[in-house]
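Asker: sequence below, structure please.
(one chain, ligands or ions: 3)
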Amino acid sequence: MTELVTAAQMRAIEQAAIESGEVTGLELMERAGQGVVEAIFEEWPELDMEVPDVPAASGEGGAAPAAQGRPPRDISGPKKHRAVVLCGPGNNGGDGFVVARLLKARGWEVSVWELAAPGEGAPDAVACRVAWLEAGGTISTWDEIEPLGAPDLLVDAVFGTGLTRPIPVALANMFRLFRDDWEGAARRERRKMRRVSVDIPSGLSADSGEILIDWEDERGEFPEGWPGFMDWYFDTDLTVTFHNAKLGHFLGAGGESTRKLKVKLLRGLGFTDSPRELPVSVEGHVRLIEPVFHGHRARSDVWFSFVNKHHGHKFNHGHALVMSGPPGQGGAARLAARGALRIGAGLVTVGCPMRAVTEHAVQLTAIMVKGLDGTHGLGEILEDKRITGLCLGPGLGLGPATADLVRIALEAKRGTVLDADALSRFQRKPDVLFDMLHDNCVLTPHGGEFARLFPDLAERLDAQENTATYSKVDATREAAKRAGCVVLFKGADTVIAAPDGRCSINAAVGDRAVPWLATAGAGDVLAGMITGLLARGFDAMSAAETGAWLHVEAARSFGPGLIAEDLPEELPKVFRALGL
Ligand SMILES: NC(=O)C1=CN([C@@H]2O[C@H](COP(=O)(O)OP(=O)(O)OC[C@H]3O[C@@H](n4cnc5c(N)ncnc54)[C@H](OP(=O)(O)O)[C@@H]3O)[C@@H](O)[C@H]2O)[C@@H](O)CC1
Ligand SMILES: Nc1ncnc2c1ncn2[C@@H]1O[C@H](COP(=O)(O)OP(=O)(O)O)[C@@H](O)[C@H]1O
Ligand SMILES: [K+]
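Answerer: Numbers count the residues shown, from 1 in each chain. Ligands and ions are numbered 1, 2, ... in the order given. Presented below is the predicted three-dimensional model:
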């Protein structure tokens, strides 16, 4: 899995490398700028062609080759590629000056716009600015920018990991106007404007992924033209970050704005052979859940368990019990049960009130149905030690019986998933629940359920003044510690944390985005999948991580049009694609 870092952790890595004498800050900046340029040409090789040094024709005409059979639109020869580089006042801007100089050296026409010149606090950026000017570059300020023509490339080097204060709405709006203008001009000239962000799209917190914006007088209200997550003004086609991806690339608006991410190593930062390995001094890091397959071979113990399914009989693969509520509310439990079965639990039973047996029985075949006489009935069935995974919550109801069922289930100390009603039922007294939980449990709240159990953490997460540094990762970690078990906080940026501080993100963003997973019952299936893995003997953290990852893979594999029922049925295809 890839290790993700915060801005402070990244600074610590950089500082340690500089203090050790192996590299200077200026060398790192030069290398960062080179990394961005490399990434641009890797992503868009068509921008890397040599062009003769002819001045760009202004106005009419296009560089695009004429379509077959049509007369060429332009007879003045190919034009230089053009870039606009937006530089901020810190080291992110410094990287921008390096990018500008390197592009110019390759024959590009480059306009640089600076928000403010770097000051004494950023000596490396000052040096790179000087180098740009010495290379014959010019600099426009905010109110006088005039690109040389429609750009092929817009480089956003305004703010990076150092942004901790909100930026004015006016700045974001101004940027949008420029961007729209340039995009329009590029279209008219039949160019395509690519947008690349240095380190992180400007205006986003590298720690929380939140948009840091000063609401000015409009506090509490969206300013006119407010874009929403999907259209942040500084959104981008490609983000190039350094050494390690940051939390903000995957959380909140950061996940929405970071469509494609490339990580460039900075030689001289030691341990640079792999961005995945961090020095031991970087504590509390977060992992991004990624496939652990190379080709068709499972590479970790966790995945080996799937392969292992080829051996033994059904009782070797665990028995999952999914509790259901009263008649008419059983669909959620059936979805969860199907998820548990398809992910490989040897047996799955839906436990329900006697009066709901018929409803389940007419709809279930491979899944068994067991009428239970209330809490007493649950206690009885749990005397069977072969039941190794429990799921309570989906469609269980919010009546008093739910709290009793949860208590009996937790006393049995099996791998247990609590979701939906089993969480909401404890809204008034979350501590009662926390006192009963054990380390083989997984709580799977969505935002609303999280706020019911951890109102103070949810409030802190939502508070405007905390958006720079307090992230969903922090909130989920605190929640896991408080609950004493694994907490999986759902969303496109699902965060999973254990009480000992381990934490990972299952990001369904960028090319892994599956907006169609926001469909009724998808969460019930996830709860069932994790239960199935617990039943099979996975520990709570591995079950949550693996279940969450496969859940998104199933949604990706199925594609748009997905409904919750499709998720379990897609798993065999996902397993086949993984070579299992
Ligand atoms: N780590 C590494 O290994 C390497 C990191 N590198 C690069 O360094 C970047 C981090 O640089 P950074 O720390 O200088 O901060 P940055 O992101 O440029 O922004 C801070 C600047 O913005 C200003 N500012 C803040 N808020 C503002 C506001 N609301 N409105 C207006 N201004 C505001 C703030 O001003 P101040 O708060 O000081 O008054 C400061 O000047 C990182 O993203 C990467 O690109 C590479 O070069 C080499 C290897
Ligand atoms: N935009 C999205 N992208 C990816 N996954 C999503 C998105 N929206 C929701 N999900 C996932 O879908 C599931 C929804 O669960 P939940 O909110 O409990 O819904 P329900 O109760 O209807 O099952 C969660 O696993 C969540 O992470
Ligand atoms: K940036």
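Asker: measure the residue of the stretch 1-150 of the chain found nearest ligand 3 to ligand 2 for me?
Answerer: Nearest to ligand 3 in the stretch 1-150 of the chain, going by CB to the ion, is residue 92, at a distance of 5.1 Å. Glycine gets a C-beta too; all of them are placed from N, C-alpha and C. Separation of residue 92 from ligand 2 (CB to the nearest ligand atom, to the nearest Å): 29 Å.
Asker: likewise residue 338?
Answerer: In terms of CB to the nearest ligand atom, residue 338 sits 13 Å off from ligand 2.
Asker: also residue 577?
Answerer: 19 Å.
Asker: next up, the contacts around the closest residue to that residue other than its chain neighbours.
Answerer: Distances taken as CB to CB, 6 or more residues apart in numbering place residue 557 nearest to residue 577, at 7.1 Å, with adjacent residues excluded. Applying CB atoms under 8 Å, 6 or more residues apart in numbering to residue 557 gives the contacts 570, 573-574, 577.
Asker: if I look at the residue of the stretch 1-150 of the chain closest to ligand 3, how far off is ligand 1?
Answerer: Taken as CB to the nearest ligand atom, the spacing of residue 92 relative to ligand 1 amounts to 3 Å.
Asker: not counting sequence-adjacent ones, nearest residue to that residue?
Answerer: Per CB to CB, 6+ apart, closest to residue 92 is residue 160, 3.2 Å.
Asker: for that neighbour, what are phi and psi?
Answerer: As for residue 160, its main-chain torsions (degrees, to the nearest 10) stand at phi -120, psi -130.
Asker: and it, how many neighbours?
Answerer: 29 (other CB atoms under 10 Å).
Asker: chain center to stretch 191-198: distance?
Answerer: 22 Å (CA atoms, centre = their mean, to the nearest Å).
Asker: what about it, near ligand 1?
Answerer: Yes. Counting by CB under 6 Å from any ligand atom, ligand 1 has neighbours in stretch 191-198: residue 198.
Asker: restricting to C-alpha, output that stretch in PDB.
Answerer: Taking C-alpha atoms only, stretch 191-198 is exported to PDB below (Å, rounded to 0.1, in the frame of the first residue of the first chain):
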ATOM      1  CA  ARG A 191      -5.700  24.100 -29.100                       C
ATOM      2  CA  LYS A 192      -6.500  22.100 -26.000                       C
ATOM      3  CA  MET A 193      -5.600  23.700 -22.700                       C
ATOM      4  CA  ARG A 194      -4.200  21.200 -20.300                       C
ATOM      5  CA  ARG A 195      -4.100  22.100 -16.600                       C
ATOM      6  CA  VAL A 196      -1.500  20.900 -14.300                       C
ATOM      7  CA  SER A 197      -1.200  21.600 -10.600                       C
ATOM      8  CA  VAL A 198       2.200  21.600  -8.800                       C
END
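Asker: next one, pLDDT for the residue nearest to residue 382 when sequence neighbours are not counted please.
Answerer: Of all residues not flanking residue 382 in the chain, residue 412 sits nearest, at 4.4 Å (CB to CB, 6+ apart). On the pLDDT scale, residue 412 is placed at 97.
Asker: how many other residues sit next to residue 412?
Answerer: Neighbours of residue 412 using other CB under 10 Å come to 17.
Asker: for the protein, which residues are neighbours of ligand 1?
Answerer: Within the chain, the positions lying close to ligand 1 (CB under 6 Å from any ligand atom) are 10-11, 14, 28-29, 32, 88-95, 121-122, 159-163, 165-167, 198-199, 242-243, 266.
Asker: at 5 Å instead, please
Answerer: 10, 14, 28-29, 32, 89-92, 95, 159-162, 165, 167, 199 (CB under 5 Å from any ligand atom).
Asker: among those residues, which lie within strands?
Answerer: Secondary structure from DSSP state E places residue 167 of these in strands.
Asker: check contacts around the residue in the stretch 1-150 of the chain positioned nearest to ligand 1.
Answerer: In the stretch 1-150 of the chain, the residue that lies nearest ligand 1 is residue 90 (2.4 Å; CB to the nearest ligand atom). Neighbouring residues of residue 90 by CB under 8 Å, 6+ apart: 118, 121-122, 125, 159-160, 162.
Asker: sketch out the low-pLDDT regions of the protein for me.
Answerer: Low-confidence segments of the chain (pLDDT under 70): 1, 50-78, 145-148, 215-231, 268-283, 291-315.
Asker: recalculate using a threshold of 80.
Answerer: Across the chain, the ranges flagged by pLDDT under 80 are 1, 49-79, 142-149, 169-170, 173-174, 214-233, 267-285, 290-316, 464-465, 579-580.
Asker: can you give me the helices for the stretch 101-250 of the chain?
Answerer: 123-134, 169-188 (DSSP state H, counting those that start in this stretch).
Asker: which one of these lies closest to residue 251?
Answerer: Minimum separation from residue 251 across the helices of the stretch 101-250 of the chain (CB to CB) falls at helix 169-188, 19.6 Å.
Asker: that closest one and ligand 3 in contact?
Answerer: No. Judged by CB under 5 Å from the ion, helix 169-188 stays clear of ligand 3, getting no closer than 11.2 Å.
Asker: output the contacting helices and strands for that helix.
Answerer: strand 213-214 (3 or more CB pairs under 8 Å, 6 or more residues apart in numbering; DSSP states H and E).
Asker: so what strands line up beside the strand it packs on?
Answerer: The strands beside strand 213-214 in its sheet (DSSP bridges) come out as strand 167-168 (parallel).
Asker: do the strand it pairs with and ligand 3 meet?
Answerer: No. No part of strand 167-168 sits close enough to ligand 3 to count as contact by CB under 5 Å from the ion; the gap is at least 11.3 Å.
Asker: quick check: residues of the protein near ligand 3?
Answerer: 156, 160, 197-198, 202.
Asker: again, 6 Å this time
Answerer: Contact residues (CB under 6 Å from the ion) of the chain with ligand 3: 92, 156-160, 197-200, 202.
Asker: how many residues are close by residue 45?
Answerer: The local packing of residue 45 (other CB under 10 Å) involves 9 other residues.
Asker: and if you look at residue 561?
Answerer: The burial count for residue 561: 8, using other CB under 10 Å.
Asker: pull out the buried residues from stretch 207-217.
Answerer: Residues of stretch 207-217 classed as buried by neighbour count (16 or more other CB atoms under 10 Å): 207-214.
Asker: now the residues you listed in TSV, with distance to residue 544?
Answerer: Formatted as TSV, these follow (distance: CB to CB, whole Å):
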residue	distance to residue 544
207	23
208	22
209	21
210	24
211	28
212	30
213	33
214	37
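Asker: list the contacts of stretch 352-364.
Answerer: 323-328, 330, 333-334, 337, 350, 369-374.
Asker: just the CA trace of it, in PDB.
Answerer: This file holds the C-alpha atoms of stretch 352-364, laid out as PDB (Å, rounded to 0.1, in the frame of the first residue of the first chain):
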ATOM      1  CA  CYS A 352     -35.000 -12.900  12.000                       C
ATOM      2  CA  PRO A 353     -38.100 -12.700  14.200                       C
ATOM      3  CA  MET A 354     -40.400 -15.700  13.700                       C
ATOM      4  CA  ARG A 355     -43.000 -13.600  11.900                       C
ATOM      5  CA  ALA A 356     -40.500 -12.600   9.200                       C
ATOM      6  CA  VAL A 357     -39.400 -16.100   8.400                       C
ATOM      7  CA  THR A 358     -41.800 -16.600   5.500                       C
ATOM      8  CA  GLU A 359     -40.800 -13.300   3.900                       C
ATOM      9  CA  HIS A 360     -37.200 -14.300   3.900                       C
ATOM     10  CA  ALA A 361     -37.700 -17.900   3.000                       C
ATOM     11  CA  VAL A 362     -39.500 -17.100  -0.300                       C
ATOM     12  CA  GLN A 363     -36.600 -15.000  -1.400                       C
ATOM     13  CA  LEU A 364     -33.500 -16.900  -0.200                       C
END
